[in-house]
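A.B. asks: Give me the fold of what follows.
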Amino acid sequence: MKADPYRMLVVDDERDICRALEFLLTREGYTVVTANNGHDALKKIEADDFDLVMTDLKMEGIDGMQVLERARAMNPNLLVIIMTAFASVESAVEAMKKGASDYLVKPFINEDVRMTVRRLLEHKTVLMENLVLRQQLSQQVGFKEFVGASPQILQVFEVLEKVIPTRSNILVTGESGTGKGLVAEIVHSNSQRKDKPFISINCSAIPENLLESELFGYRKGAFTGAVADKKGLITMADEGTLFLDEIGDMPLGLQAKILKVLETGEVMPLGETKSRYADVRLIAATNKDLEEQIRKGLFREDLYYRLNVIEVRIPPLRERRDDIEVLARHFLQKCSRENNKKVLAISDEAMEFFASYSWPGNIRELRNVIERAVVLAGSETIGMAELPERIKSPESSRPGQGLRDRLEQYEGKLIRDVLQTNKWSKEDTARELGVDLATLYRKIKKFGIAEH
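C.D. replies: Predicted structure coming up:
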């Protein structure tokens, strides 16, 4: 928990409600400021640093929806609770789309107010603690854009922190688009070799007959077209780091020569009779199962064990869903800045879609989707309209969809059953399910649940 009391702003044109909430929340240990209209509220938000705002929806002049939009534009991390006596699914959904954190219906039950505020602040505290931990690790090993705070990524950080200072070879595994190349750059730029060359080559992008000459170099006249001596990439990486991306696609004959480099440090350019010595740290990456490749006779077992001194597995995005929102907001800021666009937020509907989509292209796909949405956005908020149809269509590639469909069917049935048990009381249902009212409204809309 933070050391200083949380600061809150209560906005309502009924002074009695302001006073009642101020009394209630002050007794909980919070610092509370009040405003009786939207104009005064926005001035206070601009001048002060609040953790949470509770604002009435219906007010003369600047209403609660405008307070929500402008407050979130000033501070995207600000928690905002909408209060209204005009409870409806439509107003709740509209508030959620614009970034409201929760929704309270007048007249209030004091315990509901306490629980809602406490839950939102506790959730924010956990997110901030994870962010601080990630930033600390990032500062220690210069993680640049390796964004995430999920347990899976924190484990990757911890492994990298231990292996970076060593000379050990590293095998980075993971699907395409997970950031394997970024890991190689991080290792090099934070190692004792950081002032020496970092040489990268994609083994699948160069034809087999050219890959050997690129790696080992050649002497003039070694083959037709060799009109001058050429220094190989391994020699160029001397005292630095050599990154062999997609090493699972390297031809078997060339694998034997790479193995010799790892065992002896000797490099034999084509056409040479005398070997040279190169001191390189090798980082290899692959999206293939090398053990399966070994069984098929496509990869040398001895090379595999030489490479796999330390394995760093980068989990696919679908296995680290806690990071999707963090990554999406990171790319939103980055792409908005790069494209000179003022796009400040992602709608709750789009963010919920991001959380459920399987991201077969992983982080690379997420970044491309965000960049496209930023470029096409006609407002300050990205919505479903800005997302490509290929990922919204039911036919889009979503591994594990069968399991998720079954879970969603169960979730929809559970919500409907609890609503019926509670005689369609949204407040009682949300309390029994342990979710906030805004989330319940989104689920009701998502599953098309209607009162019969």
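A.B. asks: CA only for contacts and neighbour counts going forward, please
C.D. replies: Fine.
A.B. asks: Residue 416: how many residues sit nearby?
C.D. replies: A count of nearby residues for residue 416, using other Cα atoms under 10 Å, gives 20.
A.B. asks: From here on, call the first residue 306.
C.D. replies: Okay, using 306 as the starting number, the last item reads as residue 721.
A.B. asks: host element of the closest residue to it other than its chain neighbours?
C.D. replies: Spatial nearest neighbour of residue 721, excluding adjacent residues (Cα to Cα, 6 or more residues apart in numbering): residue 754 at 6.7 Å. Following DSSP states H and E, there is no helix or strand that holds residue 754.
A.B. asks: May I ask you to confirm that residue 754 is in contact with residue 722?
C.D. replies: No: between residue 754 and residue 722 there is no contact under Cα atoms under 8 Å: 10.4 Å.
A.B. asks: Can you tell me which residue is spatially central in the chain?
C.D. replies: Residue closest to the mean C-alpha point of the chain, counted by Cα atoms, centre = their mean, is residue 632 at 2.7 Å.
A.B. asks: In space, what's closest to that residue - neighbours in sequence excluded?
C.D. replies: The spatially closest residue to residue 632, leaving aside those adjacent along the chain, is residue 452, at 6.3 Å (Cα to Cα, 6+ apart).
A.B. asks: Give me the neighbour count for the one you found.
C.D. replies: Using other Cα under 10 Å, residue 452 has 19 other residues around it.
A.B. asks: Quick check, it in contact with residue 630.
C.D. replies: No: counting by Cα under 8 Å, residue 630 is not a contact partner of residue 452; they are 10.6 Å apart.
A.B. asks: still on that earlier bit, give me the helices and strands touching the helix or strand hosting the residue nearest to the centre of the chain, please.
C.D. replies: Using DSSP H and E, residue 632 maps to helix 629-643. Here helix 629-643 touches strand 650-651, helix 653-661, helix 667-681, going by 3 or more Cα pairs under 8 Å, 6 or more residues apart in numbering; DSSP states H and E.
A.B. asks: Can you list the buried residues in it?
C.D. replies: Using 16 or more other Cα atoms under 10 Å as the test for burial, helix 629-643 gives 629, 630, 631, 632, 633, 634, 635, 636, 637, 638, 640, 641.
A.B. asks: Would you reformat these as JSON lines and include distance to residue 466 and pLDDT?
C.D. replies: Shown next, in JSON lines, are the buried residues of helix 629-643 (distance: Cα to Cα, whole Å; pLDDT from 0 to 100):
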{"residue": "629", "distance to residue 466": "23", "pLDDT": "89"}
{"residue": "630", "distance to residue 466": "25", "pLDDT": "87"}
{"residue": "631", "distance to residue 466": "22", "pLDDT": "85"}
{"residue": "632", "distance to residue 466": "21", "pLDDT": "90"}
{"residue": "633", "distance to residue 466": "25", "pLDDT": "91"}
{"residue": "634", "distance to residue 466": "26", "pLDDT": "89"}
{"residue": "635", "distance to residue 466": "23", "pLDDT": "88"}
{"residue": "636", "distance to residue 466": "25", "pLDDT": "91"}
{"residue": "637", "distance to residue 466": "28", "pLDDT": "92"}
{"residue": "638", "distance to residue 466": "27", "pLDDT": "89"}
{"residue": "640", "distance to residue 466": "29", "pLDDT": "92"}
{"residue": "641", "distance to residue 466": "31", "pLDDT": "91"}
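A.B. asks: now, the most widely separated pair of these?
C.D. replies: Spanning the widest gap among these are 629 and 641, at 17.8 Å by Cα to Cα.
A.B. asks: Contact partners for residue 554?
C.D. replies: When contacts are counted by Cα atoms under 8 Å, 6 or more residues apart in numbering, residue 554 touches 508, 509.
A.B. asks: now it: how far from residue 620?
C.D. replies: 21 Å (Cα to Cα, to the nearest Å).
A.B. asks: Check residue 330 too.
C.D. replies: Distance of residue 330 to residue 620, computed by Cα to Cα: 42 Å.
A.B. asks: Then residue 753?
C.D. replies: Taken as Cα to Cα, the span from residue 753 to residue 620 is 34 Å.
A.B. asks: Those two: who's more crowded?
C.D. replies: Under the criterion of other Cα under 10 Å, the comparison of residue 753 against residue 620 puts residue 620 first, with 17 against 11.
A.B. asks: For the protein, which residues score under the pLDDT cut-off?
C.D. replies: 306-309, 391-395, 397-398, 431-451, 699-714, 743, 756-757 (pLDDT under 70).
A.B. asks: Okay, strands next: where are they in the stretch 656-757 of the chain?
C.D. replies: Secondary structure of the stretch 656-757 of the chain (DSSP state E, counting those that start in this stretch): strands located at 686-687.
A.B. asks: before we move on, back to that, can you tell me the SS state at the residue nearest to residue 632?
C.D. replies: Taken by DSSP: H, G, I helix; E, B strand; the rest coil, the conformation at residue 452 corresponds to coil.
A.B. asks: Next: residue 378.
C.D. replies: Per three-state DSSP, the secondary structure class of residue 378 is helix.
A.B. asks: Pull the contacting residues for the closest residue to residue 499 other than its chain neighbours.
C.D. replies: Leaving out its chain neighbours, the residue that sits closest to residue 499 by Cα to Cα, 6+ apart is residue 493, at 5.5 Å. Residues in contact with residue 493 (Cα under 8 Å, 6+ apart) are 469, 499, 503, 545, 546.
A.B. asks: separation between the third one and residue 410?
C.D. replies: Applying Cα to Cα, one obtains 59 Å for the distance of residue 503 from residue 410.
A.B. asks: same check, this time on the fourth one
C.D. replies: The gap separating residue 545 from residue 410 is 63 Å, by Cα to Cα.
A.B. asks: Between these two, point out the one with more neighbours.
C.D. replies: Taking other Cα under 10 Å, residue 545 and residue 410 do not tie; residue 545 has more neighbours (23 against 18).
A.B. asks: Surely the more buried one and residue 505 touch.
C.D. replies: No: in this structure, residue 545 is not within contact of residue 505 by Cα under 8 Å, at 11.1 Å.
A.B. asks: and residue 590, that one's in a helix?
C.D. replies: No: under three-state DSSP, residue 590 sits outside any helix and is assigned strand.
A.B. asks: In contact with it, which residues are there?
C.D. replies: Contacts of residue 590 (Cα under 8 Å, 6+ apart): 476, 477, 478, 485, 486, 548, 549, 550, 551, 552.
A.B. asks: Can I get the residues you listed in JSON lines including distance to residue 569 and secondary structure?
C.D. replies: Output for the contacts of residue 590, formatted as JSON lines (distance: Cα to Cα, whole Å; DSSP: H, G, I helix; E, B strand; the rest coil):
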{"residue": "476", "distance to residue 569": "19", "secondary structure": "strand"}
{"residue": "477", "distance to residue 569": "23", "secondary structure": "strand"}
{"residue": "478", "distance to residue 569": "25", "secondary structure": "strand"}
{"residue": "485", "distance to residue 569": "27", "secondary structure": "helix"}
{"residue": "486", "distance to residue 569": "26", "secondary structure": "helix"}
{"residue": "548", "distance to residue 569": "18", "secondary structure": "strand"}
{"residue": "549", "distance to residue 569": "18", "secondary structure": "strand"}
{"residue": "550", "distance to residue 569": "22", "secondary structure": "strand"}
{"residue": "551", "distance to residue 569": "23", "secondary structure": "coil"}
{"residue": "552", "distance to residue 569": "20", "secondary structure": "helix"}
